[in-house]
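Undergrad: fold the stuff below for me.
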Amino acid sequence: MSDYYIARKTRGIFNPESQEAFKLSRSKIDLFIECPRCFYLDRRLGVARPPGFPFNLNSAVDHLLKKEFDIHRDGQTPHPLMTAYGLKAVPFKHKNLNVWRENFTGVQFLHKKTNFLVTGAVDDVWINDDKELHVVDYKATAKDSEVNLDAEWQDGYKRQMEVYQWLLRQNGFEVSNTGYFVYANGLRDKKAFDGKLEFDIKIIPYKGNDGWIEKTLGKIKECLVENRIPTITKTCDYCSYVTALGDVLREQAGKSVIIKPAKTPKKATKKIEEEIESVKQTLF
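TA: Here you go, the predicted model:
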């Protein structure tokens with residue numbers, strides 16, 4: 001919290017002259033689909049979007065679900081949820097599973113046409129009686145209505161699963177088109193909190209199609225090698241904000257109003273940091 005500015009990155013930036021493979025994560029592929037301009041600013045020019053707060057509660061649910069399914073992985077038995085949904089599968093046991101789960105490694109594949117080292121960290125993998133793998137992703141929310149995958153913003157979840165399916169296929173595995181979302185929904189209809197949060201856990205199947213990935217990787221390469229920033233994406237909130245800010249600054253400059261960078265006194269900075277920590281402890 002000591003630096004109140006967005007610093008330009010110098011590592012992990014695409015260099016058109018470099019012959020080394022360029023690491024491209026699943027999340028950056030999704031960023032490109034959402035907004036090529038923001039993607040270019042991030043991966044080519046080193047200016048990323050401002051980071052948000054970490055979802056610590058979601059991370060806790062993710063961590064505990066992994067521990068729970070790992071118990072059945074060790075014994076090669078189906079989790080009770082899998083049995084309840086009639087799934088003929090067990091958690092997949094593989095020596096590289098922990099590597100596949102790591103954010104900075106994940107499942108990897110060198111895409112030779114673009115020289116991209118594509119990566120994606122899976123939550124889980126199951127294997128069925130036909131020896132096909134199922135990609136599994138854990139999600140957590142808290143809503144009164146039934147959880148589903150019908151919202152437009154959840155298209156990113158679907159693409160996420162399809163990238164994982166594609167990566168495992170490129171590594172030689174037989175992967176089913178059907179993946180599963182293990183969705184934990186925090187119950188809000190209890191009479192009291194009593195120091196615990198209860199969840200309704202549901203398995204939602206999703207039939208993926210990774211046919212879009214090859215074409216998208218080609219478009220990403222074309223974007224990165226260009227020496228110009230893509231046009232503004234009208235549906236991007238970040239682009240809209242920057243455009244509006246630029247308009248205001250130009251307008252104020254025309255009125256001879258001097259706009260100075262904000263400086264936060266040390267005492268105020270300390271107080272802000274303490275207040276943010278207090279809010280984080282309360283929420284997470």
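Undergrad: tell me which stretches of the stretch 151-284 of the chain form strands.
TA: Secondary structure of the stretch 151-284 of the chain, counting by DSSP state E, counting those that start in this stretch: strands at 178-186, 199-207.
Undergrad: let's have the ones you listed in JSON lines, adding mean neighbour count.
TA: Placement of C-beta: from N, CA and C, glycine included. Shown next, in JSON lines, are these (neighbours: other Cβ atoms under 10 Å):
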{"stretch": "strand 178-186", "mean neighbour count": "21"}
{"stretch": "strand 199-207", "mean neighbour count": "14"}
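Undergrad: to residue 234, which of these lies closest?
TA: Nearest to residue 234 among those is strand 199-207; the distance by Cβ to Cβ comes to 28.8 Å.
Undergrad: what average pLDDT does that closest one get?
TA: Per-residue pLDDT over strand 199-207 has a mean of 94.
Undergrad: counting by contacts, list what that strand packs against.
TA: helix 80-84, strand 178-186 (3 or more Cβ pairs under 8 Å, 6 or more residues apart in numbering; DSSP states H and E).
Undergrad: what lines up beside it in the sheet?
TA: According to DSSP bridges, strand 199-207 forms sheet pairs with strand 178-186 (antiparallel).
Undergrad: A strand includes residue 125, no?
TA: Yes: secondary structure of residue 125 (DSSP: H, G, I helix; E, B strand; the rest coil): part of a strand.
Undergrad: who's it bridged to?
TA: Bridge pairing for residue 125 - DSSP bridges - gives residue 135.
Undergrad: residue contacts, residue 105?
TA: By Cβ atoms under 8 Å, 6 or more residues apart in numbering, the residues touching residue 105 are 99, 119, 121.
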